Structures are given as structure tokens and as C-alpha cells.
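Asker: no sequence on hand, only this structure:
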């Protein structure tokens, strides 16, 4: 099993969620994040004083998948998140030892 | 016993409530403009002004400001100490008399908001106890005399600005606006710049609160200005429409200035412009025509928008621009009176330079501006410096960095966290 972690623009979350559901993915975890990358910050102006906001709001998606689904789902997330702009985000994959469904105590792929 | 004018009394009672409403409005206006970690402290500074000022007003400050002149138009005597000789007394001209206690209440709300305004200059870094002490000393030694100078009209024997110099200040361009602007500058200098000033972003953490507060101030300002007519008649109506006109004009002119200079019209600019316009029309609203109010408001928005950007050049941290908005706005309004006041609006007023070609009123306005600003700055500087040298006025560095809400008040404004530096 693998954990796909995606840092994306907040405005993309709904599209990604819809695409995942249409492709048989049963769940994901969403959390608010902020950070910086090549996008840098944006400028805000208050009474003539310019401030650079360099930690930009992003959303972190965490999706557990079976190894067989990995490439297909990574491609799906990347394709949905990609609008060709700096700041579209990052996706990375980590190996997962096991997964447990709390209610049933199922292990591994059965718990996905 | 003279007859009370019920209509006038109702309007002044109502106006007292309207003006009091401005101070929580100011708390919200200021509270939204600071960083989240010191929001409650910012708002508490305004609430302290409501408490401390009210208590001292009853005990002796009303008397110092409005009792019969003690000497030279500088300060009132102790005739009304503890509000003695005010119960069942009346004030006002024959036919327009109101209970003196209505006047006591109305004027109290002016003292409250004036001292509350100062808190914007020292956001995020003042010891709360020192601020409370400062309020007590400041309303006694600065507000009371200046209010006496410009507001205590006593048939030619009252305050020197209103009764001897005969400068015109309808609702407090000197007492409230220039006074608070000059005092704010002194406070900002004594307390010094916030940690990270000009280095860290110190942007407003909640712009909707700022707009809500600005709206409350705009609303309350009708009591402030139209209430200062002290009667429910033509003059109050003139003051009210002029207040609306100047406030709206300044909001739009500030936005225009921003659009040209930075390419964006901002929410904060809109709110700030509105306040600058209301400030500027405060001394003028009962003396100028509606078109005159339009001009004063539009100019105030432009000039204050320029003025607030200067603090970075002068390198003082008047955090929420009390100097640029209230000090400068008040000066614009007072000069506006000297230029375009007309007796066609108020026969008890005067004619400005552009109305009858005579500069005498303008000179009086300038004297009132300079005297108020010089006295307020000097006295406030001395008071603040004394507090700083004795019990200390500024919080420790670690408290300032942590934020004043959790450290000083054991509370936090929001039960949410964010990873940003807000």
C-alpha cells in the first residue's frame, strides 16, 4: 500500500475529490496547510504599506491506495491539479506498512 | 425655572447614546486592524476609556471642563464637582433649554472617544495598567482644559478659544481630533516602535471587523456632529447632511488616490477614507454648505491617504494612523472652516476667506490648531514619559512577541489556529 500526499491549490480540491470518487477511491483526508515554494508570496497593500505574504494557503490531501492503483491515481490527481501555473502544487508517494479499519479491525488492502 | 424644550432634549439624549456607541465601534475598528494575538487588548483599551473616563467625569472632570471659568479661559472651576449643581439645572439658549445632565452625558461620550482614539497609536505594546493610569491623568490634564478652551461657551467668559479668540469649532475638530492626533504622536514616540516594525508584516487580521467598526463610527457620528447643534432644528439637519456628504466623499477620494498610486482600491482605504471625512467635517459641519462639505470631505480623503504613508518615512510607529487620520483630518476641517464657512448657513458662525475675502477667521482657526496641537503634544509627552520612567509603559519584549491577549488578559480572541503569522 502507498500513501499519496498532494499539496494543491484550495480551489482544486473539489475537482480532485470528484475525480477520485469517479475512479473508485473510497476516501481521503483533507487538511489546511500553508507554505512556500517557487510560487513565492503575493503582495497585499494596507494604507499604502505593501506586505509580502510568503506563506500561501494550500490544501494537503492524503489518499491511501493499493499498489495496483498507485500510478493511475497519481496521474489522476496530477492531471486534475495541473493548470499549468506555478503554485499548482506537489504530489509525493510514501510506502505504508499497514492500514487498520478501526471498526472491523480489518488489515491491509481490505481496510482501504 | 426655565421651560425644558422637549424636542431638543430628546435629540441630545439620543445623541449621547449615538456617540457612546462610537467607542465600541472604535474598539472593533481598531481590533480588526491589529494582529490576532493582541486583538482583545486593543479592544480593551477602548473599554477602559469608557470606564475610567466616566468615573472621573462624575467626580471632577466635567467640572474642570464645563463649570464657570476659573481663570483666563484656561480651565473650569470646581462648581460642578461630583456633578453638584447639575441636577434639575438647565443649559442652552432661551427656548432651547435642555437638562444639564443631558449635556453632562453628551459631553462625557466625547471625552471617552477622544482618549480611546489614542490607543491606536500604541497598539500591541502597552502595559494595560499603565494605560488605565494614563487615561486618568490624560483626561484630567489634557482633555479637560482643551474641552474647556473650545467647548465651554459662557457668554464671552468661558474657554479662550470659543469665547475670546472666537475660533469656530462646531463639534470638536480641536478638542477631539487635533487633540487626539497630537497626543497620539507623543505616545507613539515615547513608547517606540513595535518589535519588527517595517520588517514583519503587521497586516490587519480581520478586515470585516474593521468595516463593521467603521460603520458604527459613521452611524454614531451623526450624534457627534448633529447633536452638537444642541437642538433639533435647522442647524442639526445641516450638520447631519454635511456629515454624510463629507464622509462619503472622503471614502471615494481615498479609494481614488489608492487606485492611482497602487492600482487597487482597498477595503481598508474605504473605511479609512470614511473616517477621515467624518473627522474633517466635525469642526465644519455647522458652518459650511453641503457643497462645501463635499469639498472638505474629498480633500480630507486625499490628504489623509497621503499622510498615513509618511509615517514610514518619519519612522514612528503610530500603529493605526491616529495622526494621519485624526490629526491631519482635523486640521483640514479647521482650515476648511477658515476658508469656506458662511453665515448663510449659521448666522452665529462666520465667513471664511473665500466667502468674504477676509482672512481673520482663518487666522483664528490656525491659532486654535497650533495651540491645541502644541499643548496636547507637550503635555501628553510629559505624562507618557513620566509613566514610562516610573511604572513603565511598554510591555517586555517576550510578552509583545507572544501577544498581549494571552499574556495580559489570559484570553484569546479566536478559538482557531493558523500556521501563518497572523
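Answerer: Received it, and whenever you're ready, just let me know what you need. As the structure is a prediction and not an experimental result, all values here were calculated from the model.
Asker: C-alpha from now on. contacts and neighbour counts both.
Answerer: Fine.
Asker: show me where the stretch 1-150 of chain B has strands.
Answerer: B:69-71, B:75-76, B:90-91, B:98-99 (DSSP state E, counting those that start in this stretch).
Asker: which of those strands sits closest to chain A?
Answerer: strand B:75-76 (38.2 Å; CA to the nearest CA).
Asker: what count of nearby residues applies to residue B:356?
Answerer: If you count neighbours by other CA atoms under 10 Å in any protein chain shown, residue B:356 ends up with 13.
Asker: from chain A, how far off is it?
Answerer: Distance of residue B:356 to chain A, given as CA to the nearest CA, to the nearest Å: 38 Å.
Asker: helix or strand: which one has the residue of the stretch 151-300 of chain B found nearest chain A?
Answerer: Nearest residue of the stretch 151-300 of chain B to chain A: residue B:201, at 5.6 Å (CA to the nearest CA). Following DSSP states H and E, one finds residue B:201 outside all helices and strands.
Asker: contacts only, for it.
Answerer: For residue B:201, the contact set (CA atoms under 8 Å, 6 or more residues apart in numbering or on different chains) comprises A:51, A:52, A:53.
Asker: check residue B:363 too.
Answerer: Contacts for residue B:363 were tallied using CA under 8 Å, 6+ apart; they are residue B:338.
Asker: let's see 10 Å
Answerer: With contact taken as CA atoms under 10 Å, 6 or more residues apart in numbering or on different chains, residue B:363 is in contact with B:165, B:167, B:335, B:338, B:353, B:369.
Asker: mind listing the helices for chain A?
Answerer: Counting by DSSP state H, chain A has helices at residues A:13-22, A:70-81.
Asker: okay, those helices, which one's buried deepest?
Answerer: Most buried of the helices of chain A, by mean neighbour count (mean count of other CA atoms under 10 Å in any protein chain shown): helix A:70-81, with a mean of 17.
Asker: which residues are in contact with that helix?
Answerer: Identification of contacts with helix A:70-81 by CA under 10 Å, 6+ apart yields A:1-20, A:23-25, A:61, A:63-66, A:82, A:88-93.
Asker: again with stretch B:150-163
Answerer: By CA under 10 Å, 6+ apart, the residues outside stretch B:150-163 that reach it are B:65-76, B:107, B:145-149, B:164-175, B:364-365, B:367-368, B:371-372.
Asker: sorry, back to before: out of the strands of the stretch 1-150 of chain B, which is closest to residue B:406?
Answerer: Nearest to residue B:406, of all these, is strand B:75-76, at 41.3 Å by CA to CA.
Asker: that closest one packs against which elements?
Answerer: Using 3 or more CA pairs under 10 Å, 6 or more residues apart in numbering or on different chains; DSSP states H and E, the elements in contact with strand B:75-76 are helix B:62-66, strand B:69-71, helix B:144-151.
Asker: following the helix or strand that contains residue B:302, which helix or strand comes up?
Answerer: If you go by DSSP H and E, residue B:302 is part of helix B:290-309. Counting by DSSP H and E, the next helix or strand C-terminal to helix B:290-309 is helix B:311-314.
Asker: that following helix: what's the following helix or strand?
Answerer: Later in the chain than helix B:311-314, the nearest helix or strand by DSSP H and E is helix B:322.
Asker: mind checking how far that next one is from the chain centre?
Answerer: 9 Å (CA atoms, centre = their mean, to the nearest Å).
Asker: report the angle between the next helix-or-strand element following that helix and helix B:290-309.
Answerer: Going down the chain from helix B:322, the next helix or strand is helix B:328-340, by DSSP H and E. Helix B:328-340 and helix B:290-309 meet at an angle of 150 degrees, taking axes from the mean of the first three to the mean of the last three CA atoms, to 10 degrees as the criterion.
Asker: any idea how far helix B:328-340 is from the chain center?
Answerer: Offset of helix B:328-340 from its chain centre (CA atoms, centre = their mean): 15 Å.
Asker: quick one: that helix near chain A?
Answerer: No: on the criterion CA under 10 Å from any CA of the partner chain, helix B:328-340 is out of touch with chain A, staying 15.1 Å away.
Asker: which helices and strands does that helix pack with?
Answerer: Using 3+ CA pairs under 10 Å, 6+ apart: helix B:328-340 touches helix B:179-191, helix B:267-281, helix B:290-309, helix B:353-356, helix B:360-390.
Asker: which residues touch residue B:145?
Answerer: Residues near residue B:145 by CA under 10 Å, 6+ apart: B:61, B:64-66, B:73-76, B:139, B:151-152, B:159, B:175, B:372, B:375-376.
Asker: go again with 6 Å.
Answerer: B:65, B:75 (CA atoms under 6 Å, 6 or more residues apart in numbering or on different chains).
Asker: model confidence score at it, please.
Answerer: With respect to pLDDT, residue B:145 scores 98.
Asker: mean confidence score for stretch B:149-167?
Answerer: On average, stretch B:149-167 scores 96.
Asker: if you could redo that for stretch A:37-47, that was the one I meant.
Answerer: 83.
Asker: over to stretch B:229-245?
Answerer: In the prediction, stretch B:229-245 has an average pLDDT of 97.
Asker: now the residue of the stretch 151-300 of chain B closest to chain A: how far from residue A:43?
Answerer: According to CA to CA, to the nearest Å, residue B:201 and residue A:43 sit 11 Å apart.
Asker: what touches both of these two?
Answerer: Listed as contacting both residue B:201 and residue A:43 by CA under 6 Å, 6+ apart are residue A:51.
Asker: and stretch B:102-115, how far from the chain's centre?
Answerer: Offset of stretch B:102-115 from its chain centre (CA atoms, centre = their mean): 11 Å.
Asker: nope, stretch A:54-69 is what I meant
Answerer: 2 Å.
Asker: would you point out which residue of the stretch 301-422 of chain B is nearest chain A?
Answerer: Closest approach between the stretch 301-422 of chain B and chain A, counting by CA to the nearest CA: residue B:309, at 5.9 Å.
Asker: OK, contacts around that residue?
Answerer: residue A:48.
Asker: would you map the strands across chain A?
Answerer: Along chain A, the stretches classed as strands by DSSP state E are A:2-8, A:29-35, A:42-46, A:49-53, A:56-65, A:89-95.
Asker: can I get those strands in a markdown table with distance to chain B?
Answerer: Below are the strands of chain A laid out as a markdown table (distance: least, CA to the nearest CA, whole Å):
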| stretch | distance to chain B |
| --- | --- |
| strand A:2-8 | 15 |
| strand A:29-35 | 7 |
| strand A:42-46 | 7 |
| strand A:49-53 | 6 |
| strand A:56-65 | 8 |
| strand A:89-95 | 18 |
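Asker: what does the stretch 201-350 of chain B have sitting close to chain A?
Answerer: Residues of the stretch 201-350 of chain B found near chain A (CA under 6 Å from any CA of the partner chain) are B:201, B:309.
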